[in-house]
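Undergrad: Requesting a structural model of the entry that follows:
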Amino acid sequence: MKDQEKPKFRIYPSIGIARMGNGPANKNEVVFSPEVPWKNLFDLDLQPHTPYGALKKQAQRFYIYKCDKEGNPIEKIHPNDYKIEWSVEVANKKPFWYDFNNSLDLSVDLDKDSKSKENNKNLSKAFYEDRIAPGISASSRNPNIPSEGMKGEGIPNSREELVNGPNYASVSLANEKMKIGGLFPFPRNGKNNSTIASKMRTVSKEVSLGTIEYDKDAANVEHEGSLIFYSGDGVSASLNPSDLNTDFADNSNWYDDICDGRVTAKVTNLKTGDIFKLDGPEAAAWIATAPPDYAPQINPISSLYDLVTGADPEKLKTDNASCLSMVLPLFFKFYQMQWVNLGDFLSPSFKEEIDKLTAAGNFDFLYTPGKDSQAKRKAIFQLFRNPRYDYINEQIIPSKDMTDFNALGGGSTKLQLPYYVGDGINYPGSPAQWFAIPPMLYDQLKQWSEGNFTTPMGLSTFMADLPNENPMIALGEYYQSQFINAAASPTKNGTPLKAPLLMTRAVLETLYGGGFHPGVELTWPMRHNQMYCENTLKFDSVNDSKEEKYDLFGLREIRVNSVSGKEQDSVFFKDFGFLMTPEDVRKSMDKNNPEHWLWKITPGDLTKWMGIPWQSDAGSCQAVWTDSQYPVPAWWAANLPIDVLTHKSYEQIKDNSSTGPLLETKRNMYANRLPWLQTTDTGYVGYHAEGGYLNGLINMVYKWDQIGMVAARPLDLEGHPKTVYVSMDAKDAVTASKLPLYELYNGTEHFYTDTANERDKAEELGYTSQEIACRVYLSQIKDSLPFYRLYNGTDHFYTANVTERDQAEKNGYTLEGVSGFVYLTETGDTVPFYRLYNGVDHYYTTSIVARDKKITEGYKDEGIACYVFQN
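TA: Numbering: from 1, shown residues only. Below you'll find the predicted structure:
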């Protein structure tokens, strides 16, 4: 086995996310985690559901890269050169861990060793020095199961059974796919039965934590040999069926199939026979599963990548050009929040400020230094809340919690941006009830407001070339292009690649970076450098432009501080006893303290802090009501929307028929956003310390897969955006997805239909089902066209060409309707649908082999009828 001190191979992305879905663990029926930041933000054909209404899982791919002598990735390896064997080890520790009250790092002095500077650019000193929201001690979940410190002598520690795992799975070319097992409670000490389950007069429940697959698709050289990790099915339940989930995060006897853990590999050089084991923290990757991202094309204002950067401020490099590339992407993400939160759509809002600036013809003030634009930049800067919390008198978020905090807020000061809830939500009147962008971002915003930047020529040129487009959307497209170009840049003479580091960043850009209560996917430990064995700036700049030496915070090598083997065994079941305190966290941050084991990461440790079941926290975090009508604050709208444009409204807005709504009505419908959780009877109450939302907690467990997924769609309505983001639930998806086009044959004539009922009726009339010819859209989306079906009494003819349709009617064919929607030109992953004719029968196929065979049987090739999706 070769030494891996300086990794010769590494797995990327180094941190991956797979998201829940109740659809199948099949690579053709999932969506994949993005591998380039921002790449999917404007895609108009995102299909989050299967044709049958199941919510697709979001799967994560992993690749192996060969590294240079410094451990930098230079080349993706391929199965032609290496035998690749993948393994995963995951666990769910939520029932074993502690209740969530608030973030326990809020009482820790992060700058005790250096009072003159901030060692962590994610948390303000005010949390410790002014005690604006102290950490609250947490007791064990499932307190009825004694911990090591409380059980009687000679009584086994049954709390270990509350950990589902570690569960192992391995795949290779010889064993392509494997389901990851799991049980709750998990029998220990070689027993077949769980002590906890026996005492409850039940049995352990099978709780699979996911599926892994070795991708052997030789047709796609980029993916061949990669690992695909699929999440679980979103299963959550109680061992005791009568126990309802009545708390947002902590419910005894409950389990779910969230997990996290390591991804490892064994690589064998087929020429030399050398074997490399990628299982140490420097080479292995980490996977975590998470709830669905219900708005996957809307990124959080502050992401986990921001926090990873802020955890290592010593390495943050900036110059006079850099703050522009750090502030403008923040503005774009803020602007896009209009699609998921009414508070960001109406006035006052950041969107309103930008639209006013655009209407005045002054959008370029955002990226132009100088005196003419300085006043506006200063005004925008002053809209933002200072993350060092300078005790302005903002509104109080009411709570039934009784604390000893001196209520400073009263609402006499206008609410500042963002209109989102922060880590100090437990403390009514605390300025930290409100979320602020991290200090690192705020410092860049301040530099921007003072004009301490230069404008890259590339940015000015890009914006000038799109004069008729919404300039904020053009700005988003500009930074999207920066990421895409960086990912495509080839290695030169063995120089390190950017693409692997961009894979990790692409994942982290989609994860929430606060507020943490506890969060959406992961939570507060991720903002501390103790979480990482490596957090190293590798590229100062994302792009290669000489104009911007430091841009977009650069690119980092990020590795979780994981342990394995005997060291894992020694800490896997460790806890702090019945109570975990902020003091425990303070001690743990010292490498020389015995409590530092908290940062030795083992499977289950990233997600153990999150709510159980996850659906309760997701369903309860919505709008937050104060005594002010506008704006209405909210929680994590980018991943768990609050207010949305529904698919039904969108369809009516698009209806240009004589029976469609009036133009003014369409405009009203566009502006009428509805509660995202309208279909789940949640009560629409957002702050989970309040009552009145128990229906939502309970129903979310059963209806999470039926809620709307927000996706980009085209719109042609004067005075409105060309791209809108629409919430489509499971029922909407069935009507708008790609459905099969069935092929039947009766001995003389081929017949194609997109409905199962018509297929069955044709079989009764003597037709025989052949196969699914292809897939077509059931409803029309951008650039797709109707696939017309005509019949002359003996032959069915299909075309997407209106001229051909009209000519066929002149030749005696009768129009029977439309068999789905297709493309006339190659689009995305479509393929040609060939048309052939033998004088009496038209035949259609996507197969070149089938086409050529028909030609030998006397059919004439009439070319490509249209472009469709392969089955």
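
Undergrad: going forward, measure contacts and count neighbours with C-alpha atoms only.
TA: Will do.

Undergrad: any residues touching the biggest helix by length in the chain, and which ones?
TA: When the chain is parsed with DSSP state H, its longest helix is helix 471-488. Identification of contacts with helix 471-488 by CA atoms under 8 Å, 6 or more residues apart in numbering yields 36-39, 328-329, 332, 335, 358, 363, 459, 462-463, 466, 498-499, 502, 542-544.

Undergrad: quick one, phi psi at the residue lying closest to residue 310 once chain neighbours are set aside?
TA: Excluding the flanking residues, the one nearest residue 310 by CA to CA, 6 or more residues apart in numbering is residue 121, at 4.5 Å. Main-chain dihedrals, residue 121, degrees, to the nearest 10: phi -90, psi 20.

Undergrad: contacting residues for residue 743?
TA: Contacts of residue 743 by CA under 8 Å, 6+ apart are 750-753, 769-773.

Undergrad: Give the buried subset of these as a ChimeraX selection command.
TA: Buried members of the contacts of residue 743 can be picked out in ChimeraX with the line below, counting by 16 or more other CA atoms under 10 Å:
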select :750,751,752,753,769,772,773
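
Undergrad: between the contacts of residue 743, which is nearest residue 525?
TA: Nearest to residue 525 out of these is residue 772 (CA to CA; 49.6 Å).

Undergrad: Checking my notes, that closest one in a helix, right?
TA: No: the assignment for residue 772, made by DSSP: H, G, I helix; E, B strand; the rest coil, is strand rather than a helix.

Undergrad: thought it was touching residue 741?
TA: Yes: the criterion here is CA atoms under 8 Å, and residue 772 meets it with residue 741 at 5.8 Å.

Undergrad: what mean pLDDT does stretch 777-794 have?
TA: In this model, stretch 777-794 carries a mean pLDDT of 89.

Undergrad: so how far does that stretch reach from one end to the other?
TA: In stretch 777-794, first residue to last residue: 27 Å (CA to CA, to the nearest Å).

Undergrad: and that stretch, how far out from the chain's middle?
TA: How far stretch 777-794 lies from its chain's middle: 34 Å, per CA atoms, centre = their mean, to the nearest Å.

Undergrad: ok, and for that stretch, which residues are buried?
TA: Buried-residue list, stretch 777-794, by 16+ other CA under 10 Å: 777-781, 784-791.

Undergrad: out of those, which are inside strands?
TA: 777, 785-791 (DSSP state E).

Undergrad: Widest-spaced pair of the residues you listed?
TA: Using CA to CA, the two most remote members of those are 777 and 791, lying 21.5 Å apart.

Undergrad: So which residues of the stretch 751-871 of the chain form strands?
TA: Secondary structure of the stretch 751-871 of the chain by DSSP state E, counting those that start in this stretch: the strands cover 768-777, 785-791, 796-799, 814-822, 831-837, 842-845, 860-868.

Undergrad: Highest mean neighbour count out of these?
TA: The highest mean neighbour count among the strands of the stretch 751-871 of the chain, using mean count of other CA atoms under 10 Å, belongs to strand 796-799: a mean of 24.

Undergrad: which neighbours does that strand have in its sheet, and in what orientation?
TA: Strand 796-799 pairs in its sheet with strand 785-791 (antiparallel), by DSSP bridges.

Undergrad: Can I get the partner strand in PDB? Just the C-alpha atoms.
TA: Extracted C-alpha coordinates of strand 785-791, given in PDB (Å, rounded to 0.1, in the frame of the first residue of the first chain):
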ATOM      1  CA  LEU A 785     -43.700  22.600 -30.300                       C
ATOM      2  CA  PRO A 786     -46.800  20.500 -30.600                       C
ATOM      3  CA  PHE A 787     -46.300  17.100 -32.100                       C
ATOM      4  CA  TYR A 788     -49.300  16.900 -34.400                       C
ATOM      5  CA  ARG A 789     -51.000  13.600 -35.100                       C
ATOM      6  CA  LEU A 790     -52.900  13.100 -38.400                       C
ATOM      7  CA  TYR A 791     -54.800  10.100 -39.900                       C
END
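
Undergrad: Pull the residues that contact it.
TA: Strand 785-791 is contacted from outside by 780, 796-800, 805, 808-809, 813-824, using CA under 8 Å, 6+ apart.

Undergrad: mind running it again at 6 Å?
TA: Strand 785-791 is contacted from outside by 796-800, 813-823, using CA atoms under 6 Å, 6 or more residues apart in numbering.

Undergrad: Listing request: residues of the stretch 151-300 of the chain with sub-threshold pLDDT.
TA: 151-156 (pLDDT under 70).

Undergrad: the strands in the stretch 601-750 of the chain, which residues?
TA: Taking DSSP E, counting those that start in this stretch to define them, one finds strands in the stretch 601-750 of the chain at 643-646, 674-675, 709-714, 723-728, 738-745, 750-753.

Undergrad: now the third one: mean pLDDT?
TA: Read it as strand 709-714. 95.

Undergrad: what do you get for the fourth one?
TA: With pLDDT averaged residue by residue, strand 723-728 scores 95.

Undergrad: hey, C-alpha coordinates of it in PDB?
TA: Taking C-alpha atoms only, strand 723-728 is exported to PDB below (Å, rounded to 0.1, in the frame of the first residue of the first chain):
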ATOM      1  CA  THR A 723     -37.700  34.300 -16.700                       C
ATOM      2  CA  VAL A 724     -39.900  33.600 -13.600                       C
ATOM      3  CA  TYR A 725     -39.600  31.100 -10.900                       C
ATOM      4  CA  VAL A 726     -42.700  29.000 -10.500                       C
ATOM      5  CA  SER A 727     -43.800  26.600  -7.700                       C
ATOM      6  CA  MET A 728     -44.800  23.200  -9.200                       C
END
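
Undergrad: List the neighbouring strands of it plus their orientation.
TA: Partner strands and pairing direction for strand 723-728 (DSSP bridges) are strand 643-646 (parallel), strand 709-714 (antiparallel).

Undergrad: With distance to residue 339 and mean neighbour count as extra columns, can I get these in JSON lines?
TA: Listed next are these as JSON lines, based on distance: least, CA to CA, whole Å; neighbours: other CA atoms under 10 Å:
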{"stretch": "strand 643-646", "distance to residue 339": "6", "mean neighbour count": "24"}
{"stretch": "strand 709-714", "distance to residue 339": "8", "mean neighbour count": "25"}
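
Undergrad: Quick one, which of the ones you listed gets closest to residue 424.
TA: Among the strands paired with strand 723-728, strand 643-646 comes nearest to residue 424, with 24.1 Å by CA to CA.

Undergrad: Show residues contacting that closest one.
TA: Strand 643-646 is contacted from outside by 340-342, 673-676, 726-727, using CA under 6 Å, 6+ apart.

Undergrad: And stretch 602-617, by the same measure?
TA: With contact meaning CA under 6 Å, 6+ apart, stretch 602-617 is reached by 90-94, 248-250, 256, 259-261, 562, 697, 700-701.
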